[in-house]
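K.L.:
How does the following fold in three dimensions:
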Amino acid sequence: MKIKLCILLTAIALSGCATTLSEENPSAYAESLAQAKVIFKSKTGAPRYEKYYNFPNHKAWAQSKVSSANSYVTNKTSKEFAIEIAIENCNQLLLKKYSKITDRVSCEIINVDNEWVSK
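P.N.:
Predicted coordinates:
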């Protein structure tokens with residue numbers, strides 16, 4: 001019984017130790033979220049970004065050049081792979097509406113590992 005109680009108390013104590021990226025640096029999070037509200041074409045983009053921010057690296061977010069379509073991936077083996085998959089997934093969304101992907105009708109990376117990509 002004492003062992004179970006010790007395990008339970010340890011688990012409770014350790015559960016309060018985990019912090020998210022947004023908790024570690026609230027000012028960086030607030031700044032990044034403010035940028036998200038400007039960059040996203042979709043009304044759902046910024047709320048989804050709040051969750052994305054705390055997901056593990058390597059992650060990337062792609063957004064359509066011509067519509068509000070967007071896609072993100074997280075926890076990939078490299079930044080490059082995350083970028084590749086995010087663009088691929090976003091372009092697949094575009095193919096539901098457009099006949100083919102072109103320079104104009106395509107997706108571009110807007111964020112990698114919580115860093116906004118400038119155009």
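K.L.:
from here on, contacts and neighbour counts on C-alpha atoms
P.N.:
OK.
K.L.:
burial of L21, as a residue count?
P.N.:
For L21, the neighbour count with other C-alpha atoms under 10 Å is 14.
K.L.:
Now do it against N57, distance only.
P.N.:
According to C-alpha to C-alpha, to the nearest Å, L21 stands 11 Å off from N57.
K.L.:
Just after the biggest helix by length in the chain, pick out the following helix or strand.
P.N.:
Determined from DSSP state H, the single longest helix within the chain is helix 79-94. Next in sequence after helix 79-94, counting helices and strands by DSSP states H and E, comes strand 107-112.
K.L.:
Name all residues that make contact with the residue nearest in space to the middle of the chain.
P.N.:
Centroid-nearest residue in the chain, with C-alpha atoms, centre = their mean: Y52, separated by 3.2 Å. Shown in contact with Y52 (C-alpha atoms under 8 Å, 6 or more residues apart in numbering): T74.
K.L.:
and it, that one's in a helix?
P.N.:
Yes. Assessed with DSSP: H, G, I helix; E, B strand; the rest coil, Y52 lies in a helix.
K.L.:
pLDDT score for it?
P.N.:
Note on Y52: pLDDT of 97.
K.L.:
swap in K2?
P.N.:
So, for K2, pLDDT stands at 62.
K.L.:
Now name the helix or strand holding W61.
P.N.:
Secondary-structure assignment from DSSP H and E places W61 in strand 60-64.
K.L.:
for the record, mean pLDDT for that strand?
P.N.:
pLDDT averaged over strand 60-64 gives 98.
K.L.:
cool, stretch 75-82 as well?
P.N.:
Stretch 75-82 comes out at a mean pLDDT of 98.
K.L.:
okay, how far is it across it, tip to tip?
P.N.:
With C-alpha to C-alpha as the measure, stretch 75-82 spans 8 Å from end to end.
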